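Trainee: I would like the atomic coordinates for the input below:
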Amino acid sequence: MRTLLLDNTFLPVKIVAWEKAMLLFLTGRAEVIEEYSDLQIRSPRQTFNLPKILRLFSRNRSRQEVKFNRYNVFLRDNFTCQYCEKRFLQRELTIDHVWPRSKGGKSDWENVVTSCSTCNHKKGNKLPNEFHLKLKRKPVRPKWTPRLNLKPKDDDPDEWNNWIA
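Mentor: This next block holds a predicted model:
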């Protein structure tokens, strides 16, 4: 089971395992907003319902950067090929290094874009000025925060939808 963690202003921060949620609650760093009525954890002296949603008492000061990974690159580029500008399903997309790795290009936010297989194959390991298709948008480090990208799983509680955009 997982728990949705909110900051002290009730904004979603992240989704945590129930063990972490119980630790935050039992150490007095968070309060339960909503709990699972059918799931309990027992100690020799007490019984607790597992929390569905917790709110932290202190402000969440962590300024996390967006993690560089395949899925976040697709999100940044809106699941759209940056060469032909067509939208695709995630499984139909690839990652393209604008400046090819074989020619010294790095795997970072400023050199990687979403590409369909067809465009990526056409481009191959060519440099941007050797390729006949132009990049539609220059790749940049995203400015959104990870908390705006919380993805509930199918078995997570429906009540989370009230908190996660």
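Trainee: mean confidence (pLDDT) on the helix or strand containing Ile95, please.
Mentor: Taking DSSP states H and E as the criterion, Ile95 maps to strand 93-97. The average pLDDT for strand 93-97 rounds to 95.
Trainee: mind listing the strands it pairs with, and their directions?
Mentor: Strand pairing for strand 93-97, using DSSP bridges, gives strand 112-116 (antiparallel).
Trainee: check the offset of the next helix-or-strand element following the partner strand from the chain's centre.
Mentor: Next along the chain after strand 112-116, taking DSSP H and E as the criterion, comes helix 117-123. Centroid separation between helix 117-123 and its chain, computed with CA atoms, centre = their mean, to the nearest Å, is 26 Å.
Trainee: list the buried residues of helix 117-123.
Mentor: Residues 119-120, 123 are the ones in helix 117-123 that count as buried (16 or more other CB atoms under 10 Å). To be clear about C-beta, it is placed using only N, CA and C from the backbone, and glycine gets the same treatment.
Trainee: does Arg59 fall in a helix, a strand, or a coil region?
Mentor: coil (DSSP: H, G, I helix; E, B strand; the rest coil).
Trainee: look up how far Phe25 lies from it.
Mentor: Using CB to CB, to the nearest Å, Arg59 is found at 18 Å from Phe25.
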